[in-house]
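1. Please find the sequence and the predicted model below.
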Amino acid sequence: MDKEKIKGVHLGSTLRKYLYDFRKKNRYTISQVSEMIDICNTYYERIEKGTKGQRLSLKTAYKLATLLQIDLNELYHLEEQYQRKISHD
């Protein structure tokens, strides 16, 4: 079991792991991502941790895809998988 945490949340619970992985791959902190896509730090942290489980807005998804160098279609496919996962948990 992976013991790594993001501010008290174990990886794998409701975490949007795909966002976490792309952020780490690009060596960004949560603060850097939130600043670069112009949303508040707490809001982005809630998105990534999954405490804001609703679908991403198109505007936020586009900004994240651009910043994290993810094809927007791929990001939406990953988000669909995430939404299916949390609806079955």
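-> That came through, no problem.
2. can you map out the helices along the chain?
-> 17-25, 30-36, 41-49, 58-68, 72-88 (DSSP state H).
3. Now render those as TSV, adding mean pLDDT and mean neighbour count.
-> Heads up, the C-betas are built off the backbone N, CA and C, glycines and all. Formatted as TSV, the helices of the chain follow (pLDDT from 0 to 100; neighbours: other Cβ atoms under 10 Å):
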stretch	mean pLDDT	mean neighbour count
helix 17-25	96	17
helix 30-36	97	17
helix 41-49	93	17
helix 58-68	95	16
helix 72-88	91	13
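4. ok now stretch 71-89, how far from the chain's centre?
-> With Cα atoms, centre = their mean, to the nearest Å as the basis, stretch 71-89 stands 11 Å off its chain's centre.
5. same question, stretch 51-69
-> On Cα atoms, centre = their mean, the centre of stretch 51-69 falls 7 Å from the chain's centre.
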